[in-house]
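A.B. asks: Show me how the following folds:
(chains A, B and C)
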Amino acid sequence: MYEFENKIIKDGRVLKEQFIPSRIVHRDGQLKVIRDNLRPLLKRQQPRSMFIHGSPGTGKTCISKYVTEELSAHVSSVLHCYVNCWLYPSTFKILFSILQEFGVSMSIHRKGTPTDELFDIFRKRLQDRQCVIVLDEVDQLEDDKILYDLARMENVGLMLISNDEHALGGVDPRVRSSLASVDTIHFPPYSFEEIRDILRDRAEWGLLPGVVAKAQVDWIARVSSGDARIALNVLRLAAEAAENKDREGISDEHIRAALPKVHVSEKEKATERLNEHQRMIYGIISQSGEIKPEDLYPEYEKACKKNGVDPIVDRSVRKCLEKLAQYKLVLAKGEGRWRVYSVGKEAAGEGS
DNA sequence: CTTCCACCGGAACCGTGGGAAA
DNA sequence: TTTCCCACGGTTCCGGTGGAAG
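C.D. replies: Predicted coordinates:
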């Protein structure tokens, strides 16, 4: 609709972190292991489930999606789906979004269907077909029983992903034993050279030739400390800024401006998903640096009065704290009454 | 030592919202 | 339209616990 010829960006999608490239740069070892684990599907045999862990931006999500799509393209009878457990933490939501991806959402009503029934529908839909289910951010699961149920299903391969190496450490022993045979795969942070190669690859497909200098790519690779997500976001933001303003190539200034934006956003993004009360509680904790639960509620009530909000009861506040700790927005040290809440390390210095 | 009290957290319960069936 | 159903967030209730007071 607007006659607008891009001078910088050739294909913006390529620079987004959700983009799945047509070829994977580095990660050959992990790729092979994952393929090997899924290979039995080709012979209609049971695949081996996996637990994939590693820091943010190490390619866990990207490669899981890549492999499952590759597999389905190869063998059309194999279904696959991806669920982010932060967005869909309850058993109901997970099953619902699986069914949605399998194209059965029309036949079920979103409300009014019991969770058990969703599982039956899922089983029926599968019949003798095989599928791979990716559960990303699996540490955000509200009830780990679904892992037990899914792991015991024939024809289902699980790929459980988490930043937290010990995400499966705390699950119920019964769930634990059903996951005894999962293959644990570690994704270490990328090296400088690897990040550089990833950036070069994406720049080649996503940007027009010559708009970003080699030295600039190196710079971005160096400051992103092994996190591909950060690197790509810096490149994307810088490219977008250049496209919107100067349109003569990406300048160092564009990159410099993009850097802080990317680093701030992680925790900010997380707090956006909180409700009013959770956000107030989070605010109190981050302001006081460290706070005991008993001191927190009065503070919370004060904050409510100031904001003209009806406070929720103390028990509900404790539930909010549970949630915040699960989201890893706050750190809970100690048990029960001796617990102390604080925000993560990087904000520890601030406060009054 | 016993009693009391504040706080924690599990479990049952309730109100609400919204889609489906009657 | 009304009625029914169910997930979900919040509330109520309550038993357990350990420190403080008697």
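A.B. asks: List the neighbours of the worst-scoring helix or strand of chain A on mean pLDDT that are in contact with it.
C.D. replies: Among the secondary structure pieces of chain A, namely its helices and strands, helix A:252-272 has the lowest mean (mean pLDDT, DSSP states H and E), a mean of 81. Residues from elsewhere that reach helix A:252-272, judged by Cβ atoms under 8 Å, 6 or more residues apart in numbering: A:56, A:216, A:219-220, A:223, A:230, A:233-235, A:237-239, A:241-242, A:246, A:279, A:282, A:327, A:329, A:344, A:347. In this view, the C-beta of every residue, glycine as well, is placed from N, C-alpha and C.
A.B. asks: ok, of those residues, which come out buried?
C.D. replies: Among these, those that count as buried by neighbour count (16 or more other Cβ atoms under 10 Å) are A:216, A:219-220, A:223, A:230, A:233-235, A:237-239, A:241-242, A:279, A:282, A:327, A:329.
A.B. asks: Quick check: helices, which of those are part of them?
C.D. replies: Of the positions in those, A:216, A:219-220, A:223, A:230, A:233-235, A:237-239, A:241-242, A:279, A:282 sit in helices, assigned by DSSP state H.
A.B. asks: in stretch A:292-308, what's buried?
C.D. replies: Using 16+ other Cβ under 10 Å as the burial criterion, the residues of stretch A:292-308 that qualify are A:Pro293, A:Leu296, A:Tyr297, A:Glu299, A:Tyr300, A:Ala303, A:Cys304.
A.B. asks: got the phi/psi numbers for whichever residue of the stretch 151-300 of chain A sits closest to DNA strand B?
C.D. replies: Using Cβ to the nearest atom of the strand, the point where the stretch 151-300 of chain A gets nearest to DNA strand B is A:Pro293, with a distance of 2.4 Å. With angles defined as degrees, to the nearest 10, A:Pro293 sits at phi -60, psi -40.
A.B. asks: wait, it sits on A:Arg318?
C.D. replies: Yes. Judged on Cβ atoms under 8 Å, A:Pro293 makes contact with A:Arg318 at a distance of 7.2 Å.
A.B. asks: Count the neighbours of A:Thr58 for me.
C.D. replies: Residue crowding around A:Thr58 was assessed by other Cβ atoms under 10 Å; the count is 24.
A.B. asks: Per-residue pLDDT of the residue of the stretch 151-300 of chain A closest to DNA strand B, please?
C.D. replies: Among the per-residue scores, A:Pro293 holds a pLDDT of 81.
A.B. asks: Repeat that for A:Ser107.
C.D. replies: 57.
A.B. asks: need the contact list for A:Leu38.
C.D. replies: A:Pro47, A:Arg48, A:Val67, A:Leu71, A:Val132, A:Gly157.
A.B. asks: ranges for the helices of the stretch 1-150 of chain A?
C.D. replies: Along the stretch 1-150 of chain A, the segments classed as helices by DSSP state H, counting those that start in this stretch run A:28-38, A:60-74, A:91-101, A:115-126, A:145-151.
A.B. asks: wait, which of these is closest to A:Glu137?
C.D. replies: A:Glu137 lies closest, by Cβ to Cβ, to one member of those: helix A:60-74, at 9.0 Å.
A.B. asks: Show me what from the stretch 201-350 of chain A comes close to DNA strand B.
C.D. replies: Taking Cβ under 7 Å from any atom of the strand as the measure of proximity, the stretch 201-350 of chain A contacts DNA strand B at A:Lys292, A:Pro293, A:Glu294, A:Asp314, A:Arg315, A:Arg318, A:Glu335, A:Gly336, A:Arg337, A:Arg339.
A.B. asks: Swap in 10 Å and give it another go.
C.D. replies: A:291-298, A:313-319, A:321-322, A:325, A:332, A:334-341 (Cβ under 10 Å from any atom of the strand).
A.B. asks: if we can go back for a sec, buried sites along the least confident helix or strand of chain A?
C.D. replies: Under 16+ other Cβ under 10 Å, the buried positions of helix A:252-272 are A:His254, A:Ile255, A:Ala258, A:Leu259, A:Val262, A:His263, A:Lys267.
A.B. asks: Which helix or strand contains A:Leu158?
C.D. replies: Using DSSP states H and E, A:Leu158 sits in strand A:156-162.
A.B. asks: closest to DNA strand C among the ones in helices among the buried ones among the contacts of helix A:252-272?
C.D. replies: Distance from DNA strand C was checked for each of those by Cβ to the nearest atom of the strand. The minimum falls on A:Arg279, at 10.9 Å.
A.B. asks: rewinding a little: nearest spatial neighbour of the residue of the stretch 151-300 of chain A closest to DNA strand B, skipping sequence neighbours?
C.D. replies: Computed as Cβ to Cβ, 6 or more residues apart in numbering, the closest residue to A:Pro293 that is not its neighbour in sequence is A:Arg339, at 5.9 Å.
A.B. asks: Contacts only, for that neighbour.
C.D. replies: Contacts for A:Arg339 (Cβ under 8 Å, 6+ apart) come out as A:Lys292, A:Pro293, A:Ala332, A:Lys333.
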